[in-house]
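Participant: requesting a structural model of the entry that follows:
(2 chains)
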Protein chains: 2
Amino acid sequence: MLNAVDKVLLKAVADLQDLPTGAFNIRKNGAGVERKTTPNINILTKTDKPGIDIIVKPFTKGESVHIPVILSESGLNDVVYNTFDIGEGSDVVIVAGCGIHNEGHERAQHDGIHDFIVRKGARMKYVEKHYGEGEGTGKKILNPKTIIEVEEGGVAELEMVQIKGVDTTKRDTEVVLHKNARLIVVERLLTNEDQVAESIINVDLQGEDSTAQIVSRSVAQNTSKQVFHLNMRGRNQCRGHIQCDSIIMHQAHVSSIPEITAFHSDAQLIHEAAIGKINSEQLTKLMSMGLTETEAEEKILQGFLK
Amino acid sequence: MLNAVDKVLLKAVADLQDLPTGAFNIRKNGAGVERKTTPNINILTKTDKPGIDIIVKPFTKGESVHIPVILSESGLNDVVYNTFDIGEGSDVVIVAGCGIHNEGHERAQHDGIHDFIVRKGARMKYVEKHYGEGEGTGKKILNPKTIIEVEEGGVAELEMVQIKGVDTTKRDTEVVLHKNARLIVVERLLTNEDQVAESIINVDLQGEDSTAQIVSRSVAQNTSKQVFHLNMRGRNQCRGHIQCDSIIMHQAHVSSIPEITAFHSDAQLIHEAAIGKINSEQLTKLMSMGLTETEAEEKILQGFLK
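Facilitator: Residues are numbered from 1 along each chain as shown, chains lettered A, B, ... in the order given. As a prediction, the model looks like this:
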């Protein structure tokens, strides 16, 4: 059921040449097309709304779940609700992501609402890549909503990447951290042409000794627009750090509107944001080594978003 | 007309033991009580609303204007509109500030709306200190609004301090910078008991090669609350830097919600914010030198707000 275009999309969003090893569920144009479970990871179709339940048994270690979504039909608005139960003491990798190939003139949209519970002492790495392509005039729209609760001693590590070709995105991420829980977020975003991207991350440091680190790196080209709302609320003895770096080019606009709030005198919160153009010294150096300006720029941007 | 209480207030807000040298205008309980002008600095009473016009002649150098306001009547809401015309190429110091002594149970409030034009190549240092005292239950409220336009090559340096005893404050500062104009803001704020402070600073970097630097330092004690909105918008080749450090103690809340937006690819904007408790190593060191914990804390806070 997967054709050549599908395979290009799967490669882009989930780094898959073929069907993945371990558990997986591939969704195409609003319907599941292939699924595999393992003795430790079950995947069930929701009965009340579109989406799946992914249940990881306690103490499952070293396993992965791939749940890529591909859209190749213009005019489709695919809304999906996925629920993840990451069992106590487990250690798993979840690779989500959505690729859109839109050759038509109607919009193609995917809204993935992902709800996670990372149970006591569990460790979850969640990778989400977004990618759009296709010569049509139809917009490619991706609005992910990610809600995560991390129980005592749990770790959630998020890698959220928008590679290219997404016309409009509104990314909404909400995380609650309990005692000793830890959050690491790496966000990488590139917009060009007249694309618009908005990223909202709310982290609630509720538990004692919870920690959160957000690193957001973005490049805004042409007339694209980016807005970042990265917020941390410290309600206990806790530590939080937000770092937000953007490279602005051409006629792009970038806005960084973070918020750190301490509701507790042992909350330690730091925010750093910088918006600026490409490093001109690096550019000169690379060009003196024989690269054209465009090649040098490309190399610097690649390094920055790595 | 100035009694002993007035003199305490004047000392606190304008560092005055006696009448100042240079131009001045002293306002007490909603009316002007004493004024002096100089050949270069004129002060005129507004005819359409309460307040004064302060006019500094072009190329006036090394002169100062003191315009302190004191309130010692409970139940008074003193609103005043002051307009400053800082002539081309001049270099002056303006010392404003408001002291409230409230022995009553009604609120005493001063809203100073200050409107500045800093003309071509002029340099203005503006010092504003706010202070409250008095054993009454009536609230002491200070809501300054400061609007500044800095013309080509001009410099505005603001030192804005809330010393103590102000129950509620909403500080609203708006600055527009033209070509090569420069802004330096140092804000220092201490709240204790159940005081509430909100500071909003909006800087619009409109002109080519304009620069802005904001340093905000605050201490929040007891159940007091502080909110900072420090915003910079870069609309040209420009540089802006915001640094916001808060020490949080007891059951206080501190919220830092800055915003940096680049509308131009040659805008370089940086924001740094940190909220945390008092440095425990410094505390231990000072206590090992014989200070009590309270004395050591006091010393660190004094240094931090200096």
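
Participant: can you tell me which residues contact residue A:249?
Facilitator: Residues in contact with residue A:249 (C-beta atoms under 8 Å, 6 or more residues apart in numbering or on different chains) are A:219-222, A:277-278, B:265. For every residue, glycine as well, the C-beta is placed using N, CA and C.

Participant: please redo it, this time with the cut-off set to 6 Å
Facilitator: For residue A:249, the contact set (C-beta atoms under 6 Å, 6 or more residues apart in numbering or on different chains) comprises A:221, B:265.

Participant: any idea how many residues pack against the residue nearest to residue A:237 when sequence neighbours are not counted?
Facilitator: Leaving aside its sequence neighbours, residue A:237 sits nearest to residue A:266 (C-beta to C-beta, 6 or more residues apart in numbering or on different chains; 3.7 Å). Applying other C-beta atoms under 10 Å in any protein chain shown, we find 15 residues neighbouring residue A:266.

Participant: what's the answer for residue A:108, then?
Facilitator: Using other C-beta under 10 Å, residue A:108 is surrounded by 27 other residues.

Participant: do residue A:17 as well
Facilitator: Neighbours of residue A:17 using other C-beta under 10 Å come to 8.

Participant: how is it assigned, secondary-structure-wise?
Facilitator: Classification of residue A:17 using DSSP: H, G, I helix; E, B strand; the rest coil returns coil.

Participant: cool, residue A:199 as well?
Facilitator: The three-state label given to residue A:199 by three-state DSSP is strand.

Participant: quickly list what it is bridged to.
Facilitator: Note on residue A:199: beta-bridge partners residue A:171, residue A:228, judged by DSSP bridges.

Participant: what do you get for residue A:239?
Facilitator: Beta-bridge partners of residue A:239, counted by DSSP bridges, are residue A:211, residue A:268.

Participant: how close does it sit to residue A:180?
Facilitator: 12 Å (C-beta to C-beta, to the nearest Å).

Participant: ramachandran angles for the residue lying closest to residue A:238 once chain neighbours are set aside?
Facilitator: Spatial nearest neighbour of residue A:238, chain neighbours left out: residue A:205 (3.9 Å); criterion: C-beta to C-beta, 6+ apart. Per-residue torsions, residue A:205: phi -90, psi 90 (degrees, to the nearest 10).

Participant: quick check, residue A:205 in contact with residue A:177.
Facilitator: Yes. Using C-beta atoms under 6 Å, residue A:205 is in contact with residue A:177, at 5.4 Å.

Participant: and chain A, which residues reach chain B?
Facilitator: Proximity of chain A to chain B, by C-beta under 6 Å from any C-beta of the partner chain, involves residues A:248-249, A:253-257, A:259-263, A:265, A:268-277.

Participant: at 7 Å what do you get?
Facilitator: Taking C-beta under 7 Å from any C-beta of the partner chain, the part of chain A that reaches chain B is made up of A:248-250, A:252-263, A:265-277.

Participant: before we move on, the earlier item: what's the overlap in contacts for residue A:205 and residue A:177?
Facilitator: residue A:212 (C-beta atoms under 7 Å, 6 or more residues apart in numbering or on different chains).

Participant: residue contacts, residue A:22?
Facilitator: A:38, A:63-65.

Participant: let's see 8 Å
Facilitator: With the criterion set at C-beta under 8 Å, 6+ apart, residue A:22 makes contact with A:36, A:38, A:41, A:63-66.

Participant: same question, residue A:101
Facilitator: A:5, A:8-9, A:70-72, A:132-134.

Participant: gap between it and chain B?
Facilitator: To chain B, residue A:101 is 31 Å away according to C-beta to the nearest C-beta, to the nearest Å.

Participant: skipping its backbone neighbours, what lies nearest residue A:295 in space?
Facilitator: residue A:286 (7.6 Å).

Participant: surely that neighbour is in a strand?
Facilitator: No. Counting by three-state DSSP, residue A:286 is not part of a strand but helix.

Participant: wait, it sits on residue A:296?
Facilitator: Yes. The criterion here is C-beta atoms under 8 Å, and residue A:286 meets it with residue A:296 at 3.7 Å.

Participant: returning to that earlier point: need the contacts of residue A:101 in CSV with neighbour count, pLDDT and secondary structure, can you?
Facilitator: Listed next are the contacts of residue A:101 as CSV, based on neighbours: other C-beta atoms under 10 Å in any protein chain shown; pLDDT from 0 to 100; DSSP: H, G, I helix; E, B strand; the rest coil:
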residue, neighbour count, pLDDT, secondary structure
A:5, 15, 87, helix
A:8, 15, 86, helix
A:9, 25, 88, helix
A:70, 27, 92, strand
A:71, 26, 91, strand
A:72, 20, 90, coil
A:132, 26, 92, strand
A:133, 20, 92, strand
A:134, 18, 89, coil
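
Participant: closest to residue A:119 out of these?
Facilitator: residue A:70 (30.2 Å; C-beta to C-beta).

Participant: if I pick the closest one, what's in contact with it?
Facilitator: Residue A:70 neighbours (C-beta under 8 Å, 6+ apart): A:6, A:9-10, A:13, A:26-29, A:98-101.

Participant: of those residues - the most surrounded one?
Facilitator: residue A:100 (31 neighbours).

Participant: now the one helix or strand it maps to: mean pLDDT?
Facilitator: Assigned by DSSP states H and E, residue A:100 belongs to strand A:91-101. The average pLDDT within strand A:91-101 is 94.

Participant: and stretch A:108-122, by the same measure?
Facilitator: In the prediction, stretch A:108-122 has an average pLDDT of 96.

Participant: ok so, going back, between the contacts of residue A:101, which sits nearest residue B:115?
Facilitator: So of those, ranked by how close each gets to residue B:115 (C-beta to C-beta), first place is residue A:132, at 49.4 Å.

Participant: partner residues bridging residue A:116?
Facilitator: residue A:84, residue A:148.

Participant: which neighbours do residue A:239 and residue A:180 have in common?
Facilitator: residue A:210.
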